[in-house]
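Chemist: sequence unavailable; structure follows:
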């Protein structure tokens, strides 16, 4: 009886652990599926010929979130070329303008002069691309607003901002 009880208890624990693992995987897959559906909708919209889009650069789905470390943030966005620019290799540069809460100090412009990873702010694309990365501000710096600027040869082609 005891060995039968121990065996059934062990089986129950295995089944519960398996159920937890399956629930975690299901949640992760549901999140990924939702993200992929959003990406697909954006890509379909970007690929539709629209005369009002012109020949420029567009930004979509710009997000900035804390990274869990004080002062470090994750960003992501989609950048796309429009019109006749599609299919042509294009070099762009991104820049972040971070505005402090309450205006107590000056804006932070990223990348900073002499930044060792300044090349990570360069973008090369033909049609569209998802860009993900991180940036760092001082730990005691509280952001009110972040503006993303995309430029080509020093000329701003697109910008988008978020307010916190």
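Modeler: It's in. Owing to the predicted nature of the structure, the values given are computational and were not obtained by experimental measurement.

Chemist: I'd say residue 109 and residue 96 touch.
Modeler: Yes: judged on Cβ atoms under 8 Å, residue 109 makes contact with residue 96 at a distance of 7.3 Å. Where C-beta positions appear, they are placed from N, C-alpha and C, glycine not excepted.

Chemist: tell me where this structure has helices.
Modeler: 2-47 (DSSP state H).

Chemist: which residues in it form strands?
Modeler: For the chain, the strands defined by DSSP state E cover 57-66, 72-81, 90-100, 108-110, 122-125, 128-136, 143-152, 155-163.

Chemist: may I see the buried residues of the first one?
Modeler: Meaning strand 57-66. Neighbour-count burial for strand 57-66, counted by 16 or more other Cβ atoms under 10 Å, picks out 57-60, 62, 64.

Chemist: can you list the domain ranges for the protein.
Modeler: The record's domain split for the chain, according to automatic domain parsing, is 1-48, 53-163.

Chemist: pLDDT weak spots in the chain?
Modeler: 46-55, 103-105 (pLDDT under 70).

Chemist: contacting residues for the closest residue to residue 76 other than its chain neighbours?
Modeler: With sequence-adjacent residues excluded and distances taken as Cβ to Cβ, 6 or more residues apart in numbering, residue 76 is closest to residue 132, at 4.6 Å. Residues near residue 132 by Cβ atoms under 8 Å, 6 or more residues apart in numbering: 74-76.

Chemist: now render those as JSON lines, adding distance to residue 34 and neighbour count.
Modeler: Below are the contacts of residue 132 laid out as JSON lines (distance: Cβ to Cβ, whole Å; neighbours: other Cβ atoms under 10 Å):
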{"residue": "74", "distance to residue 34": "18", "neighbour count": "14"}
{"residue": "75", "distance to residue 34": "19", "neighbour count": "19"}
{"residue": "76", "distance to residue 34": "14", "neighbour count": "14"}
